[in-house]
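Sequence below, structure please.
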Amino acid sequence: MFLAQWQTETDKTPDPIQEFSIMNIDPKSMLIDLFRVAVDRASAPKCLPSYLDNLPDRKIYVIGAGKAAAAMANTIENHVASEITGLVVTRYGHAVPTRSIEVVEAAHPVPDELGLRAAKRVINLAASLKNRDLVVCAISGGASSLLARPHPEIAFEDKQSITRQLLLAGATIHEMNCVRKHLSAIKGGHLMRHIFPASALTLCISDVVGDDPSIIGSGPTVGDPSTCDEVLDAISQYRINVPQYILTKLTKGELETPKPDNPVFKQSRIRIVARPQDALEASAEKAAKQGLEIFSLGDAVEGDTNQVAKQHAAFVREKLPHNSKDKPFVILSGGETTVNVTGSGKGGPNSQYVLAIAKELDGMTGVYAIACDTDGIDGSEDNAGALMTPSTLKRARSKGMDVSQYLKNNDAYSFFENLGDLVMTGPTLTNVNDFRAIAYLPGTD
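Below you'll find the model as predicted:
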């Protein structure tokens, strides 16, 4: 397995800007480095402090959830002189030391009992606040599952079942969060109803295409423009098995969320402190310093993972130079693709993408690729993603491995584990969606 050497940019002595040198490049290390730089740009210590400079000099209450929530809480403590108290919920394995803000770990992506109890405590804290109080809400990807408190008339087990079904069906994050918000007592603006009449400053690390704050973490302090009818559409589209009592409530509009014109949101300010595009730009800056030509497909790539891989492979063929003397390049993209899981294997959308593009390019000379989730967890596995080299399929065939069968069985994890090309970083303590890079490095095969 390819273990990423996980240092922040500030841990390293800056390299002088120099022309790309084939003699000095290790393709795998270069791709890992582009990913590391992207993640570092979105880390809480890098992106959060400037938003904390003008907080009032009085007690600050901190509420938060997400894979970056503990790191955000730690950063807030290190940069705010006022008295601080509060509670944040993060995924198992994502906690970091804090002094006065309590950190609770819970399950993701399917909520568990610890997340349920922590969400109840968050609601109780919010409801105890007074008119002059200020809450800083630290929200990042994963908050939807971690702040798991269903509507009072919905069973927790039913919400868990609906979440599992949507995940397996390949629903987009927008569709997932639309459903979650309407089944929740805390998401979709409901938390702000508990905070009011106190004020809230919500600081978001965005993991969604378009950076819509009502989608990030299912927008617990943001007015929700989505409707019960949209929930019913998603349930129908993905053929989700939903208890009749929930369908009835949705049909009658009884689970509608507070809308943006609700007066409680006059006390709510939202700031997005890190975006997927920020991460791509950091990676592009790094690649440009190494002399690579940059092609960016943007941070909003969505759709079926296998189809996206085919499209990107076609783009490589279009851009591929006709001889090895041409300039090397890198194709960067972000966003979040989805996998319709039909097999019984292990993997996530990033390792599935790398496997699919390996099949499409089939050993193309000088072409390497990486795809990783910026939170360090690809789907539900322990890898961030995977790497492809020109020899990937050749090495697989020498081991008797059929790439088509691994793709069909959604078993990209096992495929790259057998080749030693999984990328293992552990939790990165941030989350700005997926990162993909395809590099043409002539003469490196």
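
what's the neighbour count on Gln267?
Burial of Gln267 is recorded as 17 neighbouring residues (other CB atoms under 10 Å). Glycine gets a C-beta too; all of them are placed from N, C-alpha and C.

Make residue 1 into 29 and carry on from there
Taking 29 as the first residue, the last one we looked at is Gln295.

list the contacts for the residue lying closest to it once chain neighbours are set aside?
Nearest non-adjacent residue to Gln295, counting by CB to CB, 6 or more residues apart in numbering: Ser227, 4.7 Å away. Counting by CB atoms under 8 Å, 6 or more residues apart in numbering, Ser227 touches 161-163, 295-297.

got it, and Ala154?
By CB under 8 Å, 6+ apart, the neighbours of Ala154 are 91, 163, 219, 222-223, 226.

residues of whatever helix or strand it lives in that come out buried?
In this assignment (DSSP states H and E), Ala154 forms part of helix 141-155. Neighbour-count burial for helix 141-155, counted by 16 or more other CB atoms under 10 Å, picks out 142-144, 146-147, 150-151, 153-154.

Just the endpoints, please. Distance across stretch 108-126?
13 Å (CA to CA, to the nearest Å).

Flag the shaky bits of the chain, pLDDT-wise.
The chain contains residues with pLDDT under 70 at 29-52, 349-353.

Could you list the residues in contact with the helix or strand hosting Ala397?
Per DSSP H and E: Ala397 is located in strand 395-401. With CB under 8 Å, 6+ apart as the test, strand 395-401 has contacts from 55-56, 59-60, 62-63, 344, 348, 376-379, 381-382, 385-386, 389, 406-407, 412-418, 451, 453, 459, 461-469, 472.

what are the pairing partners of it, and which direction each?
Strand 395-401 sits in its sheet next to strand 413-416 (antiparallel), strand 462-468 (antiparallel), going by DSSP bridges.

Point out the most buried one among those.
Mean neighbour count (mean count of other CB atoms under 10 Å) peaks for strand 413-416 among these, with a mean of 30.

mind saving the C-alpha coords of that one as CSV?
The C-alpha coordinates for strand 413-416 follow below in CSV (Å, rounded to 0.1, in the frame of the first residue of the first chain):
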residue,chain,number,x,y,z
GLY,A,413,-8.2,6.3,-2.8
ALA,A,414,-5.9,4.7,-5.3
LEU,A,415,-3.1,5.2,-7.8
MET,A,416,-2.8,4.1,-11.4
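
if we can go back for a sec, taking the contacts of strand 395-401 one by one, which sit in helices?
Counting by DSSP state H, those place 55-56, 59-60, 62-63, 344, 377-379, 381-382, 385-386, 389 in helices.

Spell out the residue ranges of the strands in this protein.
Per DSSP state E, the chain carries strands over the ranges 30-31, 88-93, 112-119, 129-134, 162-168, 227-233, 296-302, 321-324, 329-332, 357-366, 395-401, 413-416, 450-452, 462-468.

contacting residues for Gly362?
304-305, 307-308, 326-329, 460-464 are the contacts of Gly362 under CB under 8 Å, 6+ apart.

now with 10 Å?
Neighbouring residues of Gly362 by CB atoms under 10 Å, 6 or more residues apart in numbering: 66, 237, 303-308, 311, 324-329, 402, 460-464.

Turn the buried ones among the residues you listed into a named ChimeraX selection, would you?
Selection of buried members from the contacts of Gly362 for ChimeraX, criterion 16+ other CB under 10 Å:
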select :66,237,303,304,305,306,307,308,311,325,327,328,329,402,460,461,462,463,464
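
any idea how far Ala70 is from the residue nearest the centre of the chain?
The chain has Asn461 as the residue nearest its centroid, 3.6 Å off, counting by CA atoms, centre = their mean. According to CB to CB, to the nearest Å, Asn461 and Ala70 sit 10 Å apart.

if I look at the two, which residues touch both of them?
234-235, 303-304, 307, 402-403.

So for stretch 235-247, what gets flagged as buried?
So for stretch 235-247, counting by 16+ other CB under 10 Å, buried means 235-237, 239-247.

Specify which member of the residues you listed is nearest to Val132.
Gly245 (15.6 Å; CB to CB).

Identify the residues contacting that closest one.
92-94, 97, 165-175, 205, 208, 215, 219, 230, 232-236, 459.

What ranges does the stretch 129-278 of the chain have for its helices?
141-155, 171-174, 184-197, 201-210, 218-223, 256-265, 272-279 (DSSP state H, counting those that start in this stretch).

Just send those helices back as a markdown table, with distance to Asn106 too.
Converted to a markdown table, the helices of the stretch 129-278 of the chain look like this (distance: least, CB to CB, whole Å):
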| stretch | distance to Asn106 |
| --- | --- |
| helix 141-155 | 22 |
| helix 171-174 | 22 |
| helix 184-197 | 34 |
| helix 201-210 | 30 |
| helix 218-223 | 24 |
| helix 256-265 | 40 |
| helix 272-279 | 43 |
